[in-house]
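**Student:** sequence-free structure coming up:
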């Protein structure tokens, strides 16, 4: 078998809502082989599901990942506080780590915006689900104007937010704000998050408001449409649901409905960040075999 | 005849006039803005009336100033510093919902002299408060936990959520009738369930959309609540809150001790009427629709504005938002729902 037909061996750290769907998405990937799912609770739904699908599992966390390595890529789907420990443990092994927690450490990657060349980075951070939904649109807008203020409000269904997400709201806000500043060059950025208890659960929704001095409306609209099309290539449920381009102010709302897999439709937040993670992993290089 | 087991129960009145009232003036976006002098004048009067807690801030709390919810004229630090300076005996309270504000906002607020910090979550989302209640305790302030839009959950679920708030460190817990939707019986069963589930003081925060804020507050007291929110002249979101000076008078008749001077609190309410508002809140048709639909009272001004620009009936808009079960923070949906109504009418 030619080397380029071999799948990359990957491991997932974390068996919560994100980890479970990541397991599904990797399972479906033609380029990745899920060699280990590591959690902390042997009886957790995530580990049981991964085992049912035929993937090796462990309740031994990062230590089990180190013991079972080397891997071509490790995904961190735990929480921001644990991530530092995971990176510290993996760093000496040279294993690339794709961080789905909102730590903001590592190289921030958003597919379509700067994912080209992401394979060169050992430590990739995916910002947040809101960041993955908003940054492609905001980046497209900022190519046509100099925003003076950007505001992003994400609303997720209660059922789509697990314990780590809830504990990490501060980091989510800090990391998303910092990434938006970096990608748009705008200093004044406000990020807010709502969790909605409404039933039936609403789709993941991200509303962006950009204030900017002067710009031409038509190219802004064209670029937003192109950015949305690019995101749909890996997250089919992504769509712009409202767009108002007025003098000095651009308002865009996007919704992400999870499509395919076992995610319920409202879990678009999980869908978009995991789809980005798998896409980036698929672009990774195989590790050199150990001498 | 008083059949209540406690002859003179102690009720702690918590006054968010300078926080919830901001909703009534569009977070200070128009002519009747709250400025620092206004904050100082009311805080001084309420302090003189021995109102135990004066809460201040943006209508949606620390960190919530935004295009989505409404931008404040004064920043959080200015508001807190101004009120702190006016208080000699009353304690200062602040409010924060994780996701709108962050731990940095909490640290700044306690630094500026906040004694009581309320961490809020929508009614089924208590577990977003775990980190922030811990931060408040670590900062040495009193931590309270409140559930917003509480009519959307039943007594059992609210009791469980309040027990979680206590587990996370809340020293008082309770419910807000954010939409002004309750009837007294709904308050009674919920507060009973919560009081049975926790061993900390229980909080009730009413709104007056259906004219029941004082009655609901009394029902809460009778069911075991001992921290009641009320604002001067009812100044607050939508139809306004439980009216402070009326509550104090009613509790006095009811034989419940508040420690607040009636004459002084009436004077403070007059200061509020003179200095803070063009007209006291009233239960207009929109407020009734909002209360019936179970939509957050703070949506009133943005709903009226959107209804005007989109040319739809604001009452239809409120009822449609109620069907979508929108919660505070989802103001961006007001325009979306208005355009749906418009499209459906064509």
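**Tutor:** Nice, I can see it. Please read all numbers here as calculations on a predicted model, not as lab measurements.

**Student:** got the contact list for residue A:121?
**Tutor:** Applying C-beta atoms under 8 Å, 6 or more residues apart in numbering or on different chains to residue A:121 gives the contacts A:96, A:106-107, A:109. Yep, even glycine has a C-beta here, placed from its N, CA and C like the rest.

**Student:** residue A:96 versus that one, what's the distance?
**Tutor:** 7 Å (C-beta to C-beta, to the nearest Å).

**Student:** where does chain A have low pLDDT?
**Tutor:** A:1-5, A:288-291 (pLDDT under 70).

**Student:** those residues of it touching chain B, which are they?
**Tutor:** Within chain A, the positions near chain B by C-beta under 8 Å from any C-beta of the partner chain are A:149, A:151, A:153, A:155, A:158, A:163, A:166-167, A:169-170, A:173-174, A:190, A:192-199, A:202, A:205, A:207, A:209, A:241-242, A:253.

**Student:** same thing but at 6 Å, please
**Tutor:** On the criterion C-beta under 6 Å from any C-beta of the partner chain, chain B has as its neighbours in chain A the residues A:151, A:153, A:155, A:158, A:166-167, A:169-170, A:173, A:190, A:192-198, A:207, A:209.

**Student:** flag every residue of chain B that's near chain A.
**Tutor:** Contact residues (C-beta under 6 Å from any C-beta) of chain B with chain A: B:66-68, B:98-100, B:102-103, B:122, B:124-125, B:127-128, B:131, B:325, B:327, B:329-330, B:332.

**Student:** I'd say residue B:266 and residue B:246 touch.
**Tutor:** No. Counting by C-beta atoms under 6 Å, residue B:266 sits too far from residue B:246 to count as a contact (9.9 Å).

**Student:** show me what the helix or strand hosting residue B:274 is in contact with.
**Tutor:** Assigned by DSSP states H and E, residue B:274 falls within helix B:262-275. Applying C-beta atoms under 6 Å, 6 or more residues apart in numbering or on different chains, the contact partners of helix B:262-275 are B:38, B:41-42, B:45-46, B:48-49, B:232-233, B:235, B:245, B:248, B:280.

**Student:** filter these to the buried ones?
**Tutor:** Buried by 16 or more other C-beta atoms under 10 Å in any protein chain shown: B:38, B:41-42, B:45-46, B:48-49, B:232-233, B:235, B:245, B:248, B:280, out of these.

**Student:** mind giving me the packing neighbours of the helix or strand harbouring residue A:279?
**Tutor:** Element membership for residue A:279 (DSSP H and E) is helix A:268-282. Helices and strands touching helix A:268-282, by 3 or more C-beta pairs under 6 Å, 6 or more residues apart in numbering or on different chains; DSSP states H and E, are helix A:17-28, helix A:129-142.

**Student:** just to revisit the earlier point, now, the residues of chain B next to chain A that are in helices?
**Tutor:** B:103, B:131, B:332 (DSSP state H).

**Student:** so what's the last one up against?
**Tutor:** By C-beta under 6 Å, 6+ apart, the residues touching residue B:332 are residue A:207.

**Student:** before we move on, the earlier item: which among the contacts of residue A:121 count as buried?
**Tutor:** When the contacts of residue A:121 are checked for burial by 16+ other C-beta under 10 Å, the buried set is A:96, A:106, A:109.

**Student:** for the second one, give me phi and psi.
**Tutor:** In other words, residue A:106. The phi/psi pair for residue A:106 (degrees, to the nearest 10) reads phi 80, psi -180.

**Student:** chain neighbours aside, what residue packs nearest to residue B:135?
**Tutor:** In space, and not counting its chain neighbours, residue B:135 is closest to residue B:103: 4.8 Å by C-beta to C-beta, 6 or more residues apart in numbering or on different chains.

**Student:** wait, a helix at residue A:95?
**Tutor:** No. Counting by DSSP: H, G, I helix; E, B strand; the rest coil, residue A:95 is not found in a helix; it is coil.

**Student:** all set, thanks.
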